[in-house]
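In: With the sequence up front, the predicted model follows.
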Amino acid sequence: MRISLNKKPRGTIENAEDEGLSPVARRQLAIGKFQIKQVHIYSIIMIVCVTILSFVGLEIFDRKHFESFSLDYSFAGAGNLAYQNIAVPDFAQVRDKENPVNGVLVTTDELNEMQGRKLVVISLNNHSDARPQFGLSFADMVLEVLAEGGITRYNAYYYQNQSVEKIGPIRSARSYMLEYFLGFDDPVFVHEGQASYPPQEKAVPEINTLYQLSAWGIESMQTAGSRYRDPERIKSAGYVHSLMTGFKLINAEIERLGWIAPSDIEPLKFKFGDLEEERGTDQNIEIRFTSMSTSYYKAAFDYDPKTNTYLRSVGGKADNDALTGARIAPSNVIIEFHNYRDAMDGHSRIIIDMTGEDRALIFRDGKMIEANWKKDSKEDRTKYYDEAGNEIELNRGQIWVSIAIKTKTKGVSDVLVNGEEV
């Protein structure tokens, strides 16, 4: 008996002709063969579809469970148009990494790009004639702090959004601003001038910011190529409030100056925003920085539970970005209480102690948290702790930090929540 290895067993559909079947039977077997192949193809298609739907289902579950995963919550706020036009990444590029400045979710490629460059801090004018500012809604974080005579100033921190076309108006620096941002590992600081008048007989040495810029090795960008005067702002607000910049200019100057060492930023702890049914409802926050401050510099935030953001006002008016028209709407508002001293320089300037620890109020999810801020040295980033000493998580999104001043025994800035002083 001879066995052929190339021959299929008799009785199969493939060998139907060898069985001596009639043409009708052979036709029926051929139809059966075709139907079996269809079943195989449909099975493969179903397996592929089920696999894809499983991944999509997990993604939908994540977005529903972690409500802040959507673009509206991943960035400064749902009401902020500056963040609504950012393209959704390809399916393979899931946003599962954190921007270390404010916890916003980014893709692996985006994080790698960010980690290869420097944080940029820009000092922005908040004189009443300088409003509205350009590009403020794109900042990862904003520091609001007194400059002199009751007038506040902004330091806008840009790490993720380094393609903003217009930011300004730029203004001068103070030494305590440097002390605060050095906790972000040697950023580039864009400003126009600094408090550096020759110290008078009673002036404190910290007022000499020009000295601190040099002594602390700050990469200070004040080059002509990094800024320009906006002719429309010159007409509407005056020459001093017209100085603008943008990242096309800033990035070119960083490359020209050879400032290539990236910033290694220590992250805080972050969380997704609370589900809507778990959030607070109405909450209004007001900050009156000094008795010298006029109503033009009173800052206010109205909590919007729908977007889980704090709609900002300044001087009694909605604070909108001149670049996009979007309302400034941070996801976190932090008020830090700091001791201060008179600079004694004849210009109503002050010195604020940024290193150490003291009281803080954290506003997120429509709720207020009593906290302590802590910054061990100027090279350390400020962190926030509850009464038990546990670090407090912030919501993913823009962080707005306002500095309230006090002496060791007396508060100077007034902070009100729903009309009650806290």
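Out: Perfect, thanks for sending it. Numbers count the residues shown, from 1 in each chain.

In: Just the element for Ser291, please.
Out: Assessed by DSSP states H and E, Ser291 sits outside every helix and strand.

In: just Leu210 next, same as before
Out: helix 209-215.

In: centroid residue for the protein?
Out: For the chain, the residue nearest the mean C-alpha position is Asp140 (2.7 Å; Cα atoms, centre = their mean).

In: could you say what helices and strands the helix holding Leu210 packs with?
Out: Packing contacts for helix 209-215, counted by 3 or more Cβ pairs under 8 Å, 6 or more residues apart in numbering; DSSP states H and E, involve helix 175-181. (Each C-beta comes from the backbone N, C-alpha and C, glycine too.)

In: which residues sit against the following helix or strand past the helix it packs on?
Out: Moving toward the C-terminus from helix 175-181, the next helix or strand (DSSP H and E) is strand 188-190. Identification of contacts with strand 188-190 by Cβ atoms under 8 Å, 6 or more residues apart in numbering yields 118-123, 170, 173, 178, 181, 213, 218-222, 226-227, 245, 250, 254, 259.

In: Can you list the buried residues in strand 188-190?
Out: Val188, Phe189, Val190 (16 or more other Cβ atoms under 10 Å).

In: Please apply the same query to stretch 209-224.
Out: Thr209, Leu210, Gln212, Leu213, Ile218, Glu219, Ser220, Met221, Gln222.

In: From these, pick the one nearest Trp373.
Out: Distance to Trp373, by Cβ to Cβ, is smallest for Gln212 among the buried residues of stretch 209-224, at 21.5 Å.

In: Excluding residues flanking it in the chain, which one is nearest the closest one?
Out: Ser175 (4.5 Å; Cβ to Cβ, 6 or more residues apart in numbering).

In: Thought Leu210 was touching the one you found, still the case?
Out: No: using Cβ atoms under 8 Å, Ser175 is not in contact with Leu210; the gap is 9.4 Å.

In: all strands of the stretch 151-300 of the chain, in order?
Out: 151-158, 188-190, 219-221, 228-229, 243-244, 270-271, 284-288, 299-304 (DSSP state E, counting those that start in this stretch).

In: right, and the ones you listed - which one's nearest Asn395?
Out: strand 270-271 (6.4 Å).

In: name the helices or strands packed onto the closest one?
Out: strand 394-395.

In: Other residues contacting whatever helix or strand comes next after the strand it packs on?
Out: Per DSSP H and E, strand 394-395 leads on to strand 399-406 as the next helix or strand towards the C-terminus. For strand 399-406, the surrounding residues in contact (Cβ under 8 Å, 6+ apart) are 101-102, 140-146, 287, 289-290, 299, 301, 310, 312, 328, 330-340, 350, 352, 382, 411-413, 415.

In: and if you look at stretch 277-296?
Out: Residues from elsewhere that reach stretch 277-296 (Cβ under 8 Å, 6+ apart): 128, 146, 149-152, 273, 297-303, 305, 308, 310, 315-316, 333, 335, 348, 363, 365-368, 402, 404-405, 412-419.

In: For the stretch 101-250 of the chain, which segments are assigned as helices?
Out: With DSSP state H, counting those that start in this stretch as the criterion, the stretch 101-250 of the chain has helices at 108-115, 175-181, 209-215, 231-237, 247-257.

In: Now do Val415: how many residues are near it, please.
Out: 19 (other Cβ atoms under 10 Å).

In: repeat for the one 3 residues further on
Out: The local packing of Asn418 (other Cβ under 10 Å) involves 11 other residues.

In: If anything else comes up later, I'll come back, but that's it for now.
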